[in-house]
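*Asks:* this is a predicted model, with the sequence first.
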Amino acid sequence: MTTSFSLPRRRFVQGLALGGTALGLGLTPTQLFARQGQTGAPELRGNQFQLNIGAADVNLTGRNRPATLVNGSLPAPTLRWREGETVTLRVTNHLPETTSIHWHGLLLPFQMDGVPGLSFDGIAPGETFTYQFPLRQSGTYWYHSHSGFQEQSGLYGGLIIDPAEADPHTVDRDYAVVLSDWSDQDPKRIYATLKKLSHYYNFSERTLFDTLRDFREKGVVRTLKDRHMWNRMRMSETDLADVTGYTYSFLVNGHTPAANWQARFEPGERIKLRFINASAMTIFDLRIPGLDMTVVAMDGQPVKPVRFHECRLGVAETLDVIVEPKDHRAYTLFAQTIDRSGYARGTLTPDPSLSAEVPELDPVPLLGHREMGMGAMDHGAMGHDSGAMKTMDHSRMNHGGMDHGDMNHGDMSGGMNHGSMNHQGMSHGTQDGMDHSAMGHTNHDTNAAVPFAVSADNPDLPARQSATEHADSEYGPGVDMRAMSPVPMLDDPGIGLRDRDWKVLTYADLEYAHGLPDSTQPEREIVLHLTGNMERYMWSFNGIPFADAEPLELYHNERVRLTLVNDTMMHHPIHLHGLWSDLELGDGRLLRKHTLLVKPGEKLSYLVRADALGRWAYHCHLLYHMEAGMFREVRVVPRHQHHTDEESRS
Amino acid sequence: MKASMTLSGLLVALIAVFVGTPALAMEGMPARFGQILVDQLEARDADDGTVAAWSANAWYGGDINKLYFATEGERLMDRGGETESLETRLAWSRAFAPYWDWQLGVRRDWQPDDPNRDWVSVGVMGVAPYFFETEANLFLGESGHSELRLEAEYELLFTQRLILTPEVEASLYGKEDRDLGIGQGLATVEAGLRLRYEIRREFAPYIGVHWEKKFGDTADFARDHGEDTSDTMLVAGIRVWY
Ligand SMILES: [Cu+2]
C-alpha cells in the first residue's frame, strides 16, 4: 500500500492489524470492523487506496446509533487526487449486505460508476471490488453509496481532484466543508414512515391560529380565497422538505451545530471553502454573516467568479468559494435548511476560543403560485418575470382556483393566450382542481426548436406538442398535480430567498469559466416531467416510476437537449451519471454541472453530449424520492445498434 | 353463508396475486409497507354503563394495491362485560386516482345473541378537497340485505400536536332486519368530536364527545325494546399506529 495517510498513524496501524486477524481467526465481516466510529473526515491523498466499508456506532445526539462508515469515520475520508493520474481503490465490504461506492460527478467507464444493477453487481459481503480509472477532470466532487439507504447512515465523503496544471485561484488555506443530515432513526424506517404518513416530519403545518391571524391581517375573504386553492388541491403550503429537523441533526464535516466544526485562518488570508451537500434529503441555504463569498466553481467545474452573500445548495451539488476575512474575529458558517427546521453550523476563526453569533432561523416560507407551476402569478411578484405571462392560458386558469382579484390584468393582457387550448388534455381536466394541461402554444425558448423524441422509440417518452404539455402517463394515482404554466426560473433565488437585502447566487449568475464547454446545438430534445404524489409518497419521471420504466436511450456522441418540467411542489436535484449536464442559461451561455436543482413550477433545459457508452443512472438525488421511483436508466448505445433494434422490431 | 365463504376465499386469492406481484425496485427489493392504525380505542360514558369502543384498520401492500383490514366494535364493561357488536372487514384496496382508492371486500358482523351477518362490500375511500377523509361503502348481505355507509372526518390543527377531529357517519339500509332491530332507510347517525394530543405522531391520547341517534323504524324498534333512540357520551381514549 503506497497510500500516504494524513489521518492519525495509530488508526492506520489498527486497520492493518485487523486485516491480519481476519485471515487468522475467520471473524465475520461485521466483527472485523471497529465498533465505534469517529466523526470528522480525515484526508487521504495518493492514487491507491484501501477503503473498508463497515457498520459501527456513532454518537451525534448523545446516543450511540448504528452507522455505515468508510474506514470508521463519518463522513468517509476526504480523498485527494490529482488530475491525469489513474486511481486504484480496493473497496472491501464488511457489512452483512451488498454495498457500493459511486463517484459523483466523475467521468469514467460505466463499469466503475458503482451503481448496483447498472454498472456492476455491487460488492457482496466479505468481498473486495477494485475500482480503477483515470482522472480526466479536476475540482470538488464527492462519493457515496448507491445501495439501499447506506448514504443516509454515513457512507459519503468528499472528493478533491487537484488540477494537473496550476490552479488559477491560489489560496492560503483550502477546506472541504461536507454538509449532511443525520438521523438516529433507521433510514428504512424513515422511508416506511413517509409511505404511511407523508407529512410525519412536517411540524410547520398551518394551524387554526395561523388562519385567524390571516383573517386579521389579510381579511377573511382574501384568506379564504388564498386557502381555497390549497384546500382544493389537498396540499400543504409548508411542504418544503419531506424529512426535517424533527429527526435530523445537520452536520458540517460530521459535527453537529453544538460540536461546532472549526476552520482556522489568519486575517488577510485567502481561503477556499469547498461546500459539498452530501445530504440524503436536505437542501441548504448557506451564508457566512459578515463575509461575502466569491464563487469560483460549481459541481467541480470552474465558473467566472461572482461575489455573493447567500446561496441555495441542492443535494449533491458542490460549490467552491473564496473568502478573504480581514478582521481578527470569528465567522459562522451558517447553513439553514430550506424548510427552516434546523441548520448546520461551523466556525471560521483565527483563534479556537472564539466563536461568532449563530443567526436565527428564518420564518418558514410558504409555497406560492409560482411553486404551483402557475408562472409568476405571485401577488408580490407580478410583472417580475413578464416573459412567463406569454404562456398563460386564461380560460384554463379559472378552473384552477386562481385568485384573479389581485392581479394586474393590464400588465398581462398583451401576452395572454385565450384561445389555444389543448383539447387532448381537456378530458382529464376535471379530475382535480389543478389540472391545467398544457396549452398548445409554441415553444418560447430562445434556442432553435429541435425535434422531440417521440413514442415510437420509447413508450415512456410520449409525443408532446410542447414541453409543457402533459402526457397521458401523467394522469393517474401516482401524480397529484401538473404545472399549468411552468416557466424558466434560473434567475429566481427561490422560495424564502426572494426578499433578501443581499446578493443571493442563482444559476443565471454563473457561467462556465472557459467559454463554451461544447456545442449549443442539440440534435433532438427529450422532455421529462418531474412527477409525484406527495400523499402516497410516489415519485417518478413522466408519471412512470422506475419499476415500470424503459431505459432512456441516447446515441453515442449525440448532443441531446433534456428539458425538465417540474410538476410537483418540491425541489428536485436531478443528477445524470457519467455525462455532463450543460445547463442552458438562455442566451447561448452554458453552465456545466452534474446535478441540477429544479424548482417547483420550473422548466429548464440542458444539453448532454452522450460521449460515454454504457448504462448510467439518472435520478432525483433526494434519497427517498429516488427509492420511490424518480429514477431512470440512461443507456448510451452505438447508433448502428439502435438501428438494428429498430429494424428487428418492425 | 357458503357463498360468502367461497367469495372470501376468492378475494384472498385475488389479493395475494395483486399484492404479491413484485415491483422491481433498484435491487429487486419489493417495496411493501404496512400500517396498523387504532384510530379510536376509548371508554364511553353511556346511559347503561361504561362502554369500550374501538375502530382500527390495517393495510399491507404497495403503492397501488393493498390488503386492507378494518374492525370496529363495542363492549359493555359493566355486568360481566359482553361484546355488543363486532365487525370485521377484509378488502382489496386499489388506488385509482391521486387521492382515491376503491375497495372490494367481505365483512362479517359478529353478534352476541343474534345471528352473524356476512356481507360483500364495495366502496371508495380517500381525501376529498378541503382535506375531508371520506369513505363510502355499499354492503350487500344475504337475503337481499344491503347497507350504505357514509363517513367523513376532518382534522383541525390547533397546534402541530393538538388536533380536533370532527367526524360523522350515517348508515342506511335497503331492507328491514327485525332480528337486528334495523328498519329500512336511514337507521343511524353517529357524530364525534375528539381532541387529541400527539405526544408522538404515533401516540395520542384524546378526550371528546360521541353522539348517536337512531331514525325511522330503527328508532321505533329501539323504543319497543325500551331503549333510548339517542345518546350523548363523553369519551376518553388513545389513538396509536405503527
Ligand atoms: Cu425528488
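*Replies:* Good, I have the coordinates.
*Asks:* how many neighbours does A:P116 have?
*Replies:* 21 (other CB atoms under 10 Å in any protein chain shown). Using the backbone N, CA and C atoms, a C-beta is placed for each residue, glycine as well.
*Asks:* the chain: helices as residue ranges?
*Replies:* No chain was given, so I picked chain A. A:9-25, A:29-32, A:187-196, A:208-218, A:220-233, A:394-397, A:409-412, A:423-426, A:623-628, A:639-649 (DSSP state H).
*Asks:* you looked at the wrong chain, it should be chain B
*Replies:* Under DSSP H, chain B gives helices at B:2-20, B:216-224.
*Asks:* where among these is the average confidence lowest?
*Replies:* Ranked by mean pLDDT, the helices of chain B end with helix B:2-20 in last place, scoring a mean of 52.
*Asks:* burial of the residue nearest to B:S230 when sequence neighbours are not counted, as a residue count?
*Replies:* Leaving aside its sequence neighbours, B:S230 sits nearest to B:K213 (CB to CB, 6 or more residues apart in numbering or on different chains; 4.0 Å). By other CB under 10 Å, 17 other residues sit near B:K213.
*Asks:* how near is B:K213 to B:A222?
*Replies:* As for B:K213, its distance to B:A222 is 10 Å (criterion: CB to CB, to the nearest Å).
*Asks:* identify the contacts common to these two.
*Replies:* Common neighbours of B:K213 and B:A222, using CB atoms under 8 Å, 6 or more residues apart in numbering or on different chains, are B:T229.
*Asks:* and the gap between the closest residue to A:F120 other than its chain neighbours and A:W616?
*Replies:* Nearest residue to A:F120 in three dimensions, chain neighbours excluded: A:Q111, at 6.0 Å (CB to CB, 6+ apart). Using CB to CB, A:Q111 is found at 11 Å from A:W616.
*Asks:* neighbour count winner among those two?
*Replies:* Shown here are A:Q111 and A:W616; by other CB under 10 Å, A:W616 has more neighbours (24 against 13).
*Asks:* wouldn't that one be in contact with A:W580 here?
*Replies:* No: contact criterion CB atoms under 8 Å: A:W616 and A:W580 do not qualify, at 11.9 Å.
*Asks:* check contacts around the closest residue to A:Y343 other than its chain neighbours.
*Replies:* Nearest residue to A:Y343, sequence neighbours excluded (CB to CB, 6+ apart): A:Q336, at 4.2 Å. Residues in contact with A:Q336 (CB under 8 Å, 6+ apart) are A:F284, A:D285, A:G342, A:Y343, A:P359, A:L361, A:D362.
*Asks:* buried subset of the residues you listed?
*Replies:* A:F284, A:D285, A:G342, A:Y343 (16 or more other CB atoms under 10 Å in any protein chain shown).
*Asks:* and which of these is nearest to A:A55?
*Replies:* A:G342 (25.8 Å; CB to CB).
*Asks:* any idea what the most centrally placed residue in chain A is bridged to?
*Replies:* With distances taken as CA atoms, centre = their mean, A:P573 lies nearest the centre of chain A, 2.8 Å away. Beta-bridge partners for A:P573, by DSSP bridges, are A:L597.
*Asks:* hmm, A:H594 and it touching each other?
*Replies:* No: assessed by CB under 8 Å, A:P573 is found out of contact with A:H594, at 10.1 Å.
*Asks:* strands along the stretch 551-650 of chain A, start to end?
*Replies:* A:552-555, A:559-566, A:572-576, A:581-584, A:590-593, A:595-598, A:603-609, A:614-620, A:631-637 (DSSP state E, counting those that start in this stretch).
*Asks:* mean pLDDT for these - can I get that in TSV?
*Replies:* Below are the strands of the stretch 551-650 of chain A laid out as TSV (pLDDT from 0 to 100):
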stretch	mean pLDDT
strand A:552-555	91
strand A:559-566	95
strand A:572-576	98
strand A:581-584	97
strand A:590-593	97
strand A:595-598	98
strand A:603-609	96
strand A:614-620	97
strand A:631-637	94
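*Asks:* so which of the ones you listed gets nearest A:R312?
*Replies:* strand A:595-598 (7.1 Å).
*Asks:* quick check: the residue of chain B nearest chain A.
*Replies:* B:A95 (3.7 Å; CB to the nearest CB).
*Asks:* list the contacts of the nearest residue to that residue once chain neighbours are set aside.
*Replies:* Once flanking residues are discounted, B:A95 sits nearest to A:P477: 3.7 Å by CB to CB, 6+ apart. A:P477 sits next to A:N533, A:R536, A:M538, B:D63, B:I64, B:A95, B:F96, B:A97, B:P98, B:W100 when contact means CB under 8 Å, 6+ apart.
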